[in-house]
Each structure stands twice: as structure tokens, then as C-alpha cells.
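Chemist: compute the structure for the input listed below.
(one chain, ligands or ions: 1)
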Amino acid sequence: MRRQDSPLPTSAAVVVIGGGVIGSSAAFHLAEAGVEVVLLERAHLGSGSTSRAAGGVRTQFSDALNVEIARRSLDAFRDFARRPGWDIDLRHVGYLFVLSRESDVEEFQRSVALQNERGLDSRRVTAGEARGLCPLVEGDDILAGAFSPGDGHATPEGVVQGYASAARAHGADIRLNCEVLDIETSGDEITAVVTDQGSIETTTVTCAAGAWSRSCGAMVGVHLPVTPLRRQILFTEGIGGMPAHLPMTIDFESSFYFHREGLGVLMGMSDPHEKPGFSVETTDDWIPGLMDVVRRRAPRLADAGIRGGWAGLYEMTPDRNAIIGEAEGVSRFLYATGFSGHGFLQAPAVGEILRDLVLQRPTFVDISPLAVERFDTTALRPEYNVV
Ligand SMILES: Cc1cc2nc3c(=O)[nH]c(=O)nc-3n(C[C@H](O)[C@H](O)[C@H](O)COP(=O)(O)OP(=O)(O)OC[C@H]3O[C@@H](n4cnc5c(N)ncnc54)[C@H](O)[C@@H]3O)c2cc1C
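Modeler: Numbering: from 1, shown residues only. Purely as a prediction, here's the structure:
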């Protein structure tokens with residue numbers, strides 16, 4: 001294992017920019033395949049959006065590609081203790097979407113059918129069944145639900161550390177507190193990555209810079225339309241009489257969600273007044289809106305003491321779907337970003353895809369529809385199940 005204070009390597013086959021869950025998964029998959037890889041992270045591992053995620057891992061998506069990527073990832077999360085070999089506290093508590101609009105019921109009917117065609121056991125449930133699956137949920141306005149028993153949540157920090165430590169064991173060089181300032185090119189070829197600690201000669205760069213990917217793409221003239229959007233989370237004190245088994249529960253109309261965290265819950269909701277920006281300061285102005293929904297949908301949570309919270313960034317794209325591919329116009333610039341709030345759960349499969357793109361071999365699923373060029377055409381891939 002290389003020491004963090006040893007000189008920056010002068011060259012590498014591949015440089016990965018970003019030490020979140022996507023970059024560390026990519027580094028692991030590449031190093032495991034014998035590729036000489038250097039990962040550059042300007043702060044510490046997981047310090048971007050990853051350590052601020054709620055940890056939800058689910059296969060319930062409306063886009064077939066997302067279902068395939070999520071299913072592959074869930075299989076990898078299940079096997080994580082063996083490969084790469086780390087405890088990620090994976091809880092298979094299931095994912096419950098609570099639906100109160102007719103249009104959502106129809107849309108989820110379609111997406112559950114799509115998931116079932118791909119062998120997943122998600123199912124539509126009645127309003128009564130939804131309340132039974134999550135006894136904290138209330139409301140006469142509930143029309144139906146959608147439940148996937150195999151989904152759940154895990155710890156994002158565990159996943160990043162697991163990938164990073166196994167990547168190092170396979171020879172990857174992971175540099176923290178090392179900021180990428182520029183990418184040099186000659187003609188349409190990448191020649192080097194310039195950092196605040198020196199340059200690394202390379203021909204291949206993988207952008208896994210999360211919400212900051214737009215500036216990373218700009219270094220090689222590639223427009224990555226990723227917009228940062230703050231999302232906030234609260235976690236509560238212990239709640240008396242908490243059911244031992246609580247699914248990750250999402251009130252789809254409001255986007256309010258919660259899952260069990262210790263003896264309390266972790267909860268969040270999108271703020272319709274939030275403006276794009278990089279601030280991750282916590283604020284109180286979204287809490288009254290959250291509490292309105294909590295009192296209606298899960299009133300037992302309304303009286304729970306709040307222990308704390310945090311804010312992080314969703315990395316939004318215009319169709320709320322990831323951007324994954326290899327740039328046109330500049331040779332060997334790969335990108336995997338813009339996960340629009342579901343990047344944690346996709347990371348294992350995306351790391352595998354990046355490895356195969358680097359090695360120019362077939363990916364397990366055709367990811368060409370996720371290329372950034374889709375925004376120049378009418379071939380957008382809107383994902384409905386984003387909260
Ligand atoms: C409140 C909240 C809840 C969420 N809940 C979930 C969830 O339940 N399930 C789920 O799947 N997803 C969830 N997400 C989304 C998830 O966190 C992200 O999609 C995922 O972490 C993206 O990972 P990443 O590696 O692409 O980005 P990041 O984790 O942001 O990593 C990018 C890294 O790049 C580094 N970087 C940027 N520019 C440079 C540079 N020039 N040089 C060096 N380093 C650089 C940054 O420092 C950062 O560490 C949530 C997000 C938030 C904010």
C-alpha cells in the first residue's frame with residue numbers, strides 16, 4: 001500500500017476524479033482487473049454527497065435500465081462482505097412507496113410490471129396492506145402502494161471504505177486532499193491530469209466528481225449538465241414502541257421518506273423552494289413544510305425529538321437520470337455522474353461499467369442511452385421514481 005505522503009505518481013493508466021461511492025467503486029473494479037489506477041479526491045473519501053445519503057438501496061424504478069443497474073448493484077451489496085470484503089450493515093427491510101394520486105397508481109402499476117418482467121418480486125399493495133407494512137403510516141387518502149421486499153438500506157461510508165480499502169489492496173493509489181485543477185490534451189487526446197500537487201501523465205480519465213462534474217467536464221470541453229440541489233435530512237431521538245421491522249417508506253406525492261435509524265428514524269423531503277447551488281448549510285425553513293406532511297402521513301413521528309440533521313447535494317440532470325459513457329470529441333474521457341439522488345444504490349454496477357468502458361469490452365447492459373449526447377436530441381430518459 002502506498003503512503004499518502006509519498007510523491008504523487010508521475011503517470012497512470014487511468015486517473016479517477018472523485019472519491020465518492022462512484023469513484024471508489026470504479027477504482028476497486030479497475031484495480032481488481034489489474035489496471036494501474038490513481039484516484040484523486042480533493043477532500044476525504046465520501047466527503048461529497050455520498051456520506052450525506054440516506055443509504056436507500058432499491059430496485060423500484062420506472063426505467064428498465066435503472067432496474068437492471070439497481071438489480072446488479074443489490075446483488076453486489078448482498079455479496080459485499082465477501083467482495084470487496086466489508087460490513088455495510090445492509091438491512092433488507094423492503095421499500096414501500098405510498099401512493100395518493102391516481103396518476104401515480106397507474107405509473108407504479110406500469111413500473112412494477114416492468115420490474116416483475118425482469119424477475120423482481122416488487123408488488124402493488126392495497127392501502128390497508130401499505131398501512132400494515134408500515135404501521136407508522138396513516139391517511140384515508142392513500143389509494144395504494146408498491147412494495148419491494150428485497151430492497152432496504154446500507155451505510156454509504158461503509159461502502160466507500162470497503163471499495164477504497166480493497167482497491168488499495170489491489171494496488172490502486174488513492175490520494176486524498178488532492179484537487180484536480182485541469183486536464184491537458186494534445187489534439188483530441190488526453191495527456192495529463194494537473195493537480196495542486198503536480199501532474200500525472202495519463203491517456204484515460206474517469207470523471208466521478210458528483211455535483212461538481214460540470215467543471216470537471218469543462219476541463220476537456222465536454223458539457224456535463226449536472227446541477228447541484230441541496231437536500232436535507234433529520235434524525236430523531238428514540239421513539240417508544242417503534243416497530244422492529246420498518247420498511248424504507250416514501251410518501252411519493254410529497255417525497256417525504258423515512259427509515260429506522262437506531263431506536264428512532266431518519267427522515268427527509270425535497271423542498272420545492274430550494275434553488276440550485278453548492279451550499280450544504282443546514283436550515284430550518286423547510287421544517288414546517290416537512291412537519292405538515294409528517295402530521296398527516298406519519299403523525300407518531302411528529303412528537304419525536306429531533307437529535308440532529310445534515311444537508312447534502314443531489315446532482316440533478318435535466319431528465320433526472322444518470323449520465324454514463326465515453327465523451328465524443330476527446331479520446332478516453334469517461335464519465336459517470338448526475339445520478340439525481342440515486343447514485344449510492346447504483347455504484348456497484350456503475351463501477352463495473354466504468355471498468356468495462358476503460359477496457360473497451362462489452363458492459364453487462366447497453367448503457368449507450370445514458371450518454372450525455374441524449375441532451376442534444378429528443379432521446380431523453382426521464383426517470384419517474386425519483387424523490
Ligand atoms: C440527503 C441525500 C440523501 C440521499 N439519499 C440517497 C439514497 O437513499 N440512495 C441513493 O442511492 N442515493 C442517495 N443520495 C444520492 C447519493 O448520495 C449520490 O447520488 C451519490 O453519493 C453520488 O456519488 P458520487 O461518487 O457520484 O458523488 P460524491 O459522493 O459527491 O463524490 C464526488 C467527489 O468528487 C470530489 N471532487 C469534485 N471535484 C473534484 C476535483 N476537481 N478534484 C478532486 N476531487 C473532486 C468531491 O470532493 C467528492 O468527494 C442522497 C443524496 C443526498 C444529498
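Chemist: could you use CA atoms for every contact and neighbour count after this?
Modeler: OK.
Chemist: what values do phi and psi take at Gly56?
Modeler: phi -70, psi 130 (degrees, to the nearest 10).
Chemist: which one is it nearest to, not counting chain neighbours?
Modeler: His153 (4.3 Å; C-alpha to C-alpha, 6 or more residues apart in numbering).
Chemist: need the residues of the stretch 251-387 of the chain near the ligand, please.
Modeler: Neighbours of the ligand within the stretch 251-387 of the chain, by C-alpha under 6 Å from any ligand atom: 311-314, 337, 339, 341-345.
Chemist: follow-up on the earlier one: neighbours of the residue nearest to Gly56, how many?
Modeler: 24 (other C-alpha atoms under 10 Å).
Chemist: who are the contact partners of it?
Modeler: Listed by C-alpha atoms under 8 Å, 6 or more residues apart in numbering, the contact partners of His153 are 54-57, 90-93, 248.
Chemist: make it 6 Å
Modeler: Neighbouring residues of His153 by C-alpha atoms under 6 Å, 6 or more residues apart in numbering: 55-57, 90-91.
Chemist: which members of those occur in strands, if any?
Modeler: 56-57 (DSSP state E).
Chemist: just checking: which of the contacts of His153 also lie near the ligand?
Modeler: Applying C-alpha under 6 Å from any ligand atom to the contacts of His153, one finds that 55-57 fall near the ligand.
Chemist: buried ones in stretch 373-387?
Modeler: Neighbour counts over stretch 373-387 (16 or more other C-alpha atoms under 10 Å) mark 373, 375, 380-381, 383-385, 387 as buried.
Chemist: what residues does that stretch touch?
Modeler: 61-63, 255, 319-321.
Chemist: excluding its backbone neighbours, what's nearest Ile174?
Modeler: Spatially, and ignoring its direct neighbours in sequence, Ile174 is nearest to Leu39 (4.7 Å; C-alpha to C-alpha, 6+ apart).
Chemist: how close does that neighbour get to Leu359?
Modeler: 17 Å (C-alpha to C-alpha, to the nearest Å).
Chemist: compare these two (neighbour count), which wins?
Modeler: Taking other C-alpha under 10 Å, Leu39 and Leu359 do not tie; Leu39 has more neighbours (27 against 13).
Chemist: near the ligand, which residues of the stretch 51-200 of the chain?
Modeler: 52-57, 178-181.
Chemist: buried subset of those residues as a PyMOL selection?
Modeler: Buried residues among these (16+ other C-alpha under 10 Å), as a PyMOL selection:
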select buried, resi 52+53+54+55+56+57+178+179+180
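Chemist: quick check: Ala13 touching Glu36?
Modeler: Yes - between Ala13 and Glu36 there is a contact under C-alpha atoms under 6 Å: 5.3 Å.
Chemist: those two: which has the busier surroundings?
Modeler: For Ala13 versus Glu36, the count of surrounding residues by other C-alpha under 10 Å is larger for Glu36: 18 against 15.
Chemist: so who does the more buried one touch?
Modeler: Contact partners of Glu36, counting by C-alpha under 6 Å, 6+ apart, are 12-13.
Chemist: torsion angles phi and psi at it?
Modeler: Residue torsions, per degrees, to the nearest 10, at Glu36 are phi -80, psi 110.
Chemist: neighbouring contacts of stretch 331-347?
Modeler: By C-alpha under 6 Å, 6+ apart, the list of residues contacting stretch 331-347 reads 22, 57, 70, 73, 188-189, 204-208, 210, 226, 314-317, 320-327.
Chemist: what about it, average pLDDT?
Modeler: For stretch 331-347, mean pLDDT is 97.
Chemist: first vs last residue of that stretch, how far apart are they?
Modeler: Note: stretch 331-347 ends 24 Å apart using C-alpha to C-alpha.
Chemist: repeat that for stretch 28-37.
Modeler: Stretch 28-37 end-to-end distance (C-alpha to C-alpha) = 9 Å.
Chemist: hang on, the earlier thing: can I get the residues of the stretch 51-200 of the chain next to the ligand in TSV with distance to Ala27?
Modeler: Below are these laid out as TSV (distance: C-alpha to C-alpha, whole Å):
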residue	distance to Ala27
Arg52	21
Ala53	20
Ala54	23
Gly55	21
Gly56	22
Val57	21
Cys178	16
Glu179	17
Val180	16
Leu181	20
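Chemist: quick one: which of the residues of the stretch 51-200 of the chain next to the ligand is nearest Glu32?
Modeler: For these, the minimum distance to Glu32 (C-alpha to C-alpha) is 23.1 Å, reached by Cys178.
Chemist: tell me what Val194 is bridged to.
Modeler: Beta-bridge pairing for Val194 (DSSP bridges): Asp182, Ser199.
Chemist: so who does it touch?
Modeler: Each residue near Val194 by C-alpha under 6 Å, 6+ apart is listed here: 180-183.
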